[in-house]
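Visitor: Sequence first, predicted coordinates after that:
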Amino acid sequence: MLKEGSRGNKVRSVSEMFKKVQRYARNPSIRKKLNWGVAQMIARDCQPLSIVKDAGFRDLIHMLNPKYILLTRGTLTREILPQMCCEQKDVLKKKLFKANHVALTTDAWSSVTSTPDMVATAHFFEEDEVANITLISTIPHCPMVRESCTGEYVREELTSMSESFGIKEIIACVTDGGSNMVKGAKEMSIIHISCFNHPLNLCVSGFDKELRQRGGGEK
């Protein structure tokens with residue numbers, strides 16, 4: 001309740017000053033927009049999902065907008081991030097569909113949890129920009145390799161990725177020197193290009209190991 005002061009200005013009563021801030025309802029557009037903004041920040045900056053539970057981050061959000069109730073990690077993983085992934089995939093599919101020729105760079109490895117993953121990167125020219133190569137980094141297919149990563153499996157997964165993103169034609173594929181990766185790319189009847197960095201890294205690593213052995217472990 002506002003009361004008139006001695007000079008005619010409006011002042012709030014004690015009860016009004018301590019009145020609880022009215023929070024945004026659960027599903028209004030403004031809260032959805034703020035939830036989406038938090039999710040975009042996490043995705044762009046590669047922040048852990050647990051940041052929404054951090055006291056400092058929560059205090060900052062409350063300071064910026066006391067009406068906003070910060071979303072939970074469950075809401076992120078079950079609702080917002082899947083929606084964001086689908087929307088971004090649609091954007092990539094539209095770009096890749098317009099590309100007449102696409103080249104891939106692919107690799108497979110084991111994560112820190114010993115889960116084998118496979119990822120591909122698509123390279124192509126966009127029609128509306130002359131001589132501009134757009135790199136689609138880490139195509140979000142990331143299949144878990146549940147069987148041995150054979151050449152046949154590599155071919156099947158690359159084909160599945162291509163179809164999933166609407167790629168019309170793959171003209172070349174860059175892989176490391178692994179026999180399964182080389183075989184998988186060649187079985188697709190496309191140009192195979194060996195990655196220069198892979199043998200170079202093996203040479204440097206081997207040379208460094210030999211120097212350490214000769215020098216008693218010193219670098």
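Guide: Thanks, I have the structure now.
Visitor: which SS class is the closest residue to I191 other than its chain neighbours?
Guide: Leaving aside its chain neighbours, I191 sits nearest to A172 (4.0 Å; criterion: C-beta to C-beta, 6 or more residues apart in numbering). To be clear about C-beta, it is placed using only N, CA and C from the backbone, and glycine gets the same treatment. With DSSP: H, G, I helix; E, B strand; the rest coil as the basis, the three-state label of A172 is strand.
Visitor: surely A172 meets T105?
Guide: No. Counting by C-beta atoms under 8 Å, A172 sits too far from T105 to count as a contact (9.4 Å).
Visitor: Double-check that F124 belongs to a strand.
Guide: Yes. Counting by three-state DSSP, F124 is part of a strand.
Visitor: got the contact list for the residue lying closest to it once chain neighbours are set aside?
Guide: Nearest non-adjacent residue to F124, counting by C-beta to C-beta, 6+ apart: A99, 3.8 Å away. Residues near A99 by C-beta atoms under 8 Å, 6 or more residues apart in numbering: F124, F125, E126, E127, I167, K168.
Visitor: Export the residues you listed to a markdown table and append columns for distance to I80 and pLDDT.
Guide: Putting the contacts of A99 into a markdown table (distance: C-beta to C-beta, whole Å; pLDDT from 0 to 100) gives the following:
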| residue | distance to I80 | pLDDT |
| --- | --- | --- |
| F124 | 29 | 85 |
| F125 | 33 | 81 |
| E126 | 29 | 76 |
| E127 | 32 | 65 |
| I167 | 27 | 86 |
| K168 | 32 | 83 |
